[in-house]
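**Student:** Okay, sequence plus prediction incoming.
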Amino acid sequence: MYEERMQRAPAKFRVMYIDYSFVNKQMNEALKFYRGIHPSKELTFQPLEKIIPHAIEWLHEKSFVTAFVFCPAELRSEIEHLNATILEYDKGEIKFSILASEFYSMDLGEHLESFAHFFDEFMVIADDPIYRDPIRAVLPAKITEKTVGAYTHKYLANAKLLRLGNDETSFAGTELAYVRWQDIFYPIGFALGLSRYEL
C-alpha cells in the first residue's frame, strides 16, 4: 500500500476508517425507515462496496482513497472478498483493507493514531464515544474559522465524518461537533436506489 502511495503521489492522501458494525446496523435502521416512507419500493440490504462510493460523494471527496474496514471476527466472512480489492468509481478508486478482531473499535482508534502521519485528510464512518480521543488526536490543535459575508463558520480541518444526526451522535458536546459531516442515512439511501428528493 505504501509503495503504491509513493508511486502515485496524488495532491492529497486520503484515508477512510470504517466501523463495519456501525454501517451494518445503520443499513438495517435505514431499511426500516425508508420502507416505512416508500412502501411500494422493493428495498433490499446493500453490501459495503455499494455504499462506500456514495459515502465519498456525500462527503464531497474524490481521487484515490485508502479504506480500512474494522469489524468483529465473526463478521469478517461478510466482507473478506473486499480485502486488498481496488474498487473504481467515477472520480477515482478505493483500496480496501479488512482488519478483524475482538476489540476492533480499539484497534481502529490505535491504527488511526499510529498511521496518521501517512495521510493528509481523514474520513471516518463511525459513531461511538470510543472514537472521540483518537479522531481528535489526529486533527489540528486549533479550530479553523472561515468568514463568508456576515457569517463566520468554525470547523476542524482535515477530516469529515459520516455519522448519526446532531440529536443522536456520540460526538455531541465535544470539539468533534466542529468536524464537517453528513448523516449516514443519505449515502445508504442512494445505495438503496433512492433519489435525493426521496431521502
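**Tutor:** Nice, I can see it.
**Student:** right, and residue 30 touches residue 186 too?
**Tutor:** No: with contacts counted by C-beta atoms under 8 Å, residue 30 stays clear of residue 186, the gap being 9.4 Å. For glycine as for every other residue, the C-beta is placed from the backbone atoms N, C-alpha and C.
**Student:** Could you report the neighbour count for residue 190?
**Tutor:** Residue 190: 21 surrounding residues under other C-beta atoms under 10 Å.
**Student:** typed the wrong thing, it's residue 180
**Tutor:** 15.
**Student:** what is it paired to in the beta sheet?
**Tutor:** When bridges are called by DSSP bridges, residue 180 pairs up with residue 160.
**Student:** ok, it to residue 196 distance?
**Tutor:** To residue 196, residue 180 is 19 Å away according to C-beta to C-beta, to the nearest Å.
**Student:** Check residue 55 too.
**Tutor:** Residue 55 is 15 Å from residue 196, by C-beta to C-beta.
**Student:** Which one of these two is surrounded by more residues?
**Tutor:** More neighbours surround residue 55 than the other of residue 55 and residue 196, with 27 against 8 (other C-beta under 10 Å).
**Student:** what sits against the nearest residue to the more buried one once chain neighbours are set aside?
**Tutor:** Leaving aside its sequence neighbours, residue 55 sits nearest to residue 187 (C-beta to C-beta, 6 or more residues apart in numbering; 4.3 Å). Contacts for residue 187 (C-beta atoms under 8 Å, 6 or more residues apart in numbering) come out as 51, 54-55, 57-58, 162.
**Student:** Quick check: residue 187 is in a helix.
**Tutor:** Yes: per DSSP: H, G, I helix; E, B strand; the rest coil, residue 187 lies within a helix segment.
**Student:** okay, now the nearest residue to residue 38 once chain neighbours are set aside: neighbour count?
**Tutor:** Nearest residue to residue 38, sequence neighbours excluded (C-beta to C-beta, 6+ apart): residue 198, at 6.5 Å. Neighbour count of residue 198, defined by other C-beta under 10 Å: 13.
**Student:** neighbour-wise, which of residue 30 and residue 186 wins?
**Tutor:** Between residue 30 and residue 186, counted using other C-beta under 10 Å, residue 30 has the larger neighbour count: 25 against 19.
**Student:** Let me know the helix or strand that that one is in.
**Tutor:** Assigned by DSSP states H and E, residue 30 belongs to helix 20-37.
**Student:** Go ahead and name everything in contact with that helix.
**Tutor:** Against helix 20-37 from outside (C-beta under 8 Å, 6+ apart): 41, 43-46, 48, 51, 69-72, 75, 78-79, 104, 125-128, 164, 184-185, 188-189, 192, 194, 198.
**Student:** ditto for stretch 105-124
**Tutor:** Contacts of stretch 105-124 (C-beta under 8 Å, 6+ apart): 2, 5, 12-17, 19, 55-56, 59, 61, 65-66, 68, 70, 99, 101, 126, 128, 130-131, 133-135, 137-139, 158-163.
**Student:** so what's residue 144 up against?
**Tutor:** Residue 144 sits next to 154-157 when contact means C-beta under 8 Å, 6+ apart.
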